[in-house]
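Chemist: have a look at this fold, sequence not included:
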């Protein structure tokens, strides 16, 4: 049974919604198109740098800022040593970073160089331990860590219950009066195991198609 078949059988409401997807249906990561994108780093460190840069801004804006950051360092992602050696008051305007993101990038670099964060060990850790490790970095919270799990470590059963867009989509698909709380979403999504990542991808795509509440 494919992951899609499992979701349709386990949750008929979700299954009917999946049939309403227009365009290319989502796939579990790694996605071939995303893998070919030169603006998406392939290593753990580069992915985290890009994730910090991209927080709370559009995809277009994140691409532009990430390129500015790389341009400052010869067209590549700066090493942790280079980030800490750079003057944050010069780095911030040069790359178009907010003060909080500049602090977060320096925190990432410090955690790596101090040994508090071992990127090489992340792939072998359970999901909750990956989240705990990444949360050592200032500015990396549960949501960012879960995106790292889903799209970089390709974990199939991640449910980002704090994601407002996901909760909005669930409210629409299930005819709820309001967005579900994280606890309510956790209970509702229980049948989706072990493919909660794929279910989330479908619900995000449905949210893009649907009019806003």
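Modeler: Everything's here; your move. Computed from a predicted model, the values in this text were never measured in an experiment.

Chemist: so the residue most central in space within the chain is in which element?
Modeler: Centroid-nearest residue in the chain: residue 147, 2.2 Å away (criterion: C-alpha atoms, centre = their mean). If you go by DSSP states H and E, residue 147 is part of helix 142-151.

Chemist: and the following helix or strand past that helix, what does it pack onto?
Modeler: Next helix or strand after helix 142-151 toward the C-terminus (DSSP H and E): helix 164-173. Secondary-structure packing of helix 164-173 (3 or more C-beta pairs under 8 Å, 6 or more residues apart in numbering; DSSP states H and E): helix 12-18, helix 182-188, helix 196-209. In short, each C-beta sits where N, CA and C put it, glycine included.

Chemist: now helix 164-173: mean pLDDT?
Modeler: When pLDDT is averaged over helix 164-173, the result is 94.

Chemist: now residue 176: closest residue in space, sequence neighbours ignored.
Modeler: Counting by C-beta to C-beta, 6 or more residues apart in numbering, residue 170 is the residue found nearest to residue 176 once chain neighbours are left out, at 7.0 Å.

Chemist: who touches that neighbour in this structure?
Modeler: Residue 170 makes contact with 176, 179, 180, 185, 188, 203, according to C-beta atoms under 8 Å, 6 or more residues apart in numbering.

Chemist: rerun at 10 Å
Modeler: With contacts defined as C-beta atoms under 10 Å, 6 or more residues apart in numbering, residue 170 is in contact with 13-14, 17, 161, 163, 176, 179-180, 184-185, 188-189, 199-200, 203, 206-207.

Chemist: next one: residue 133
Modeler: Applying C-beta under 10 Å, 6+ apart, the residues near residue 133 are 111, 116, 117, 118, 119, 121, 122, 125, 140, 145.

Chemist: right, and the third one touches residue 134 too?
Modeler: This points to residue 117. Yes. In this structure, residue 117 is within contact of residue 134 by C-beta atoms under 10 Å, at 7.4 Å.

Chemist: find residues that contact each of these two.
Modeler: Common neighbours of residue 117 and residue 134 (criterion: C-beta under 10 Å, 6+ apart): 44, 48, 108, 111, 140.

Chemist: what's the burial count for the first one?
Modeler: Using other C-beta atoms under 10 Å, residue 44 has 19 neighbouring residues.

Chemist: need the pLDDT of it.
Modeler: For residue 44, pLDDT reads 95.

Chemist: so who does the closest residue to it other than its chain neighbours touch?
Modeler: In space, and not counting its chain neighbours, residue 44 is closest to residue 119: 4.2 Å by C-beta to C-beta, 6+ apart. The contact partners of residue 119, by C-beta under 10 Å, 6+ apart, come to 43, 44, 45, 47, 48, 108, 111, 112, 133, 134.

Chemist: can you say which of the residues you listed are buried?
Modeler: 44, 45, 47, 48, 108, 111, 112, 133, 134 (16 or more other C-beta atoms under 10 Å).

Chemist: need the max-distance pair from those residues.
Modeler: 47 and 111 (14.9 Å; C-beta to C-beta).
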